[in-house]
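Here's a sequence, model it:
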Amino acid sequence: MSDQPKMIYLPDTMANWPWPRAINPHHEEVEAESDAWFEGFKPFTKRLQLALETCDPEHLRTGCDLMNVFLIIEESTDVESASVVHDIVDIVIDAINNPHKPRPEGESHIGEITRQFWERAIKAATPSSQKHFIEAFTDYLNSVVEQAVDRDNNYIRTVDSYLKTRRENIGARPSYFPAELGLNLPDEAFYHPVVTELSYNIADLIILDNASPILSSHDEDIVSYNKEQSTGDDRHNILTIVMHQFNIDLEAAMAWVASYHKDVENKFLDGMKELPSFGPVVDKELEEYILALAIWPRTNDCWAFESGRYFGSKGLQVQKTRYVPLLPKVKTDPTLKQEQAVSVVDL
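Purely as a prediction, here's the structure:
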């Protein structure tokens, strides 16, 4: 395998995606409310907090809160052993299933954050959307434990095995929840094979680009690779897996992922033409839900370059040039744990 290049080229995988960038007009106001609630818990160190600071309004608030819940779960689990992650996941699962039960004294704040999020969310959510979210969120949490086991064992999966587990721990399925909040999609429509396949197509696109704001234990694999390889945490990244499985270098792996991304795009667009009918009322709601799915990859791509998480203040420049310098390897101190969990690199 040839040496890694000093510059990394990020393929423009979303160049031909039909859905353009759009933003909710209530975003700034609602995001501020959600951030104020979340920061009230003081969940991070001052250093992490400094790094982090760089729809229908009610539904939008639920979405913003959910992104914060994902963030605290990610930062609490990404650097821990499988046994510790399992304990954290048990707390979150209990909180999501018992939103009106006071959390135990001395418990990690992650339980109360989750409880408050869900207690607020269910006030605006239909029964069917609540059911679907709990199912998807539980699958996601269990897959986070599975990822921790891989990390403990220094295990590198195959492409197929990786995508199967990553579709859950990327957090995409529960992140569709805000789009379903006001809908009454019956299980026969929501879990129809065509609809399920479309949801996984979108999850794959998010995985391959991987800049999920949740999403994202949920970093996009193309844009997050540089940071992850620098800290030695790239085993759970499609680029590392492709290089390992096919014995190719990083440049070839980028090309492989870009080609696979295009194939998945086509599968989604073709799948939309195969949606069955469930009657005019359900069909209208299902159309709204599928449109929300289609917007997600564009949202994810924009967040990667605009948030500062991966490219610091030069995100828009990187988005235009598509080139970033390969970061040098750095040694991390495992005793620092969450103090090192977030780092924004100003390239």
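
can you give me the strands for the chain?
In the chain, the strands defined using DSSP state E lie at 7-9, 323-325.

Relative to residue 61, which of those strands is closest?
Among the strands of the chain, the nearest to residue 61 by C-beta to C-beta is strand 323-325 (33.9 Å). (C-beta placed from N, C-alpha, C; glycine too.)

distance of the nearest residue to residue 69 once chain neighbours are set aside from residue 62?
Leaving out its chain neighbours, the residue that sits closest to residue 69 by C-beta to C-beta, 6 or more residues apart in numbering is residue 117, at 5.1 Å. Using C-beta to C-beta, to the nearest Å, one gets 8 Å for the distance from residue 117 to residue 62.

In terms of packing, which of the two has more residues around it?
Neighbours around residue 117 and residue 62, counted as other C-beta atoms under 10 Å, are more numerous at residue 62. The numbers are 26 against 23.

Which residues are in contact with the closest residue to the more buried one other than its chain neighbours?
By the measure of C-beta to C-beta, 6+ apart, the closest residue to residue 62 outside its immediate chain neighbours is residue 121, 4.7 Å from it. Applying C-beta atoms under 8 Å, 6 or more residues apart in numbering to residue 121 gives the contacts 62, 65, 66, 177, 181.

Quick one, grab the pLDDT at residue 121.
Model confidence at residue 121, expressed as pLDDT, equals 93.

now the one 10 residues further on
According to the per-residue confidence, residue 131 scores 97 in pLDDT.

Would you mind measuring from it to residue 186?
If you measure residue 131 against residue 186 using C-beta to C-beta, the figure is 11 Å.

And residue 85, by the same measure?
Between residue 85 and residue 186 the distance is 34 Å, computed by C-beta to C-beta.

and if you look at residue 33?
In this structure, residue 33 lies at 33 Å from residue 186, with C-beta to C-beta as the measure.

still on that earlier bit, neighbour-wise, which of residue 85 and residue 186 wins?
More neighbours surround residue 85 than the other of residue 85 and residue 186, with 25 against 14 (other C-beta under 10 Å).

got a list of what the more buried one touches?
77, 144, 145, 148.

run the last query once more with 6 Å
77, 145, 148 (C-beta atoms under 6 Å, 6 or more residues apart in numbering).

Next, count neighbours for the last one.
Neighbour count of residue 148, defined by other C-beta under 10 Å: 25.

for it, what are its contacts?
Taking C-beta under 6 Å, 6+ apart as the definition of contact, the neighbours of residue 148 are 82, 85.

Neighbour-wise, which one of the contacts of residue 121 leads?
Neighbour counts for these, by other C-beta under 10 Å, peak at residue 62, which reaches 26 neighbours.

Residue 22 versus that one, what's the distance?
Distance, residue 62 to residue 22, by C-beta to C-beta: 19 Å.

Switch the contacts of residue 85 over to a markdown table; also include distance to residue 159 and pLDDT.
As requested, these are arranged in a markdown table below (distance: C-beta to C-beta, whole Å; pLDDT from 0 to 100):
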| residue | distance to residue 159 | pLDDT |
| --- | --- | --- |
| 77 | 24 | 89 |
| 145 | 22 | 94 |
| 148 | 21 | 91 |
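
Which one of those residues is nearest to residue 319?
Here the nearest of the contacts of residue 85 to residue 319, counting by C-beta to C-beta, is residue 77; it sits at 29.0 Å.

what's the distance between that closest one and residue 173?
Applying C-beta to C-beta, one obtains 18 Å for the distance of residue 77 from residue 173.

And for residue 20?
Residue 20 sits 24 Å away from residue 173, going by C-beta to C-beta.

more neighbours, the two?
Of the pair residue 20 and residue 173, residue 173 is the one with more neighbours under other C-beta under 10 Å, namely 21 against 8.

Residue 31 contacts residue 63, correct?
No - look at residue 31 against residue 63 with C-beta atoms under 6 Å: they stay out of range, at 9.6 Å.

Of those two, give the one with the bigger neighbour count.
Using other C-beta under 10 Å as the criterion, residue 31 and residue 63 rank with residue 63 on top: 23 against 17.

For burial, what's the neighbour tally of residue 229?
Applying other C-beta under 10 Å, we find 21 other residues in the vicinity of residue 229.

What confidence value was assigned to it?
In this prediction, residue 229 carries a pLDDT score of 76.

With residue 219 instead?
Among the per-residue scores, residue 219 shows a pLDDT of 46.

got it, and residue 15?
Reported pLDDT for residue 15: 86.

which residues touch it?
For residue 15, no residue meets the contact criterion (C-beta under 6 Å, 6+ apart).

what about it, distance to residue 261?
Relative to residue 261, residue 15 is positioned 10 Å away (criterion: C-beta to C-beta).

What of residue 193?
Summarising the geometry, the distance separating residue 193 from residue 261, computed by C-beta to C-beta, is 23 Å.

try residue 252
From residue 252 to residue 261 the distance is 15 Å (C-beta to C-beta).

Of those two, which one has the most company?
residue 261 (22 against 15).

Could you double-check that the more buried one lies in contact with residue 12?
No - look at residue 261 against residue 12 with C-beta under 6 Å: they stay out of range, at 10.2 Å.

which neighbours do the two share?
With the criterion set as C-beta under 6 Å, 6+ apart, the contacts of residue 261 and residue 12 do not overlap.
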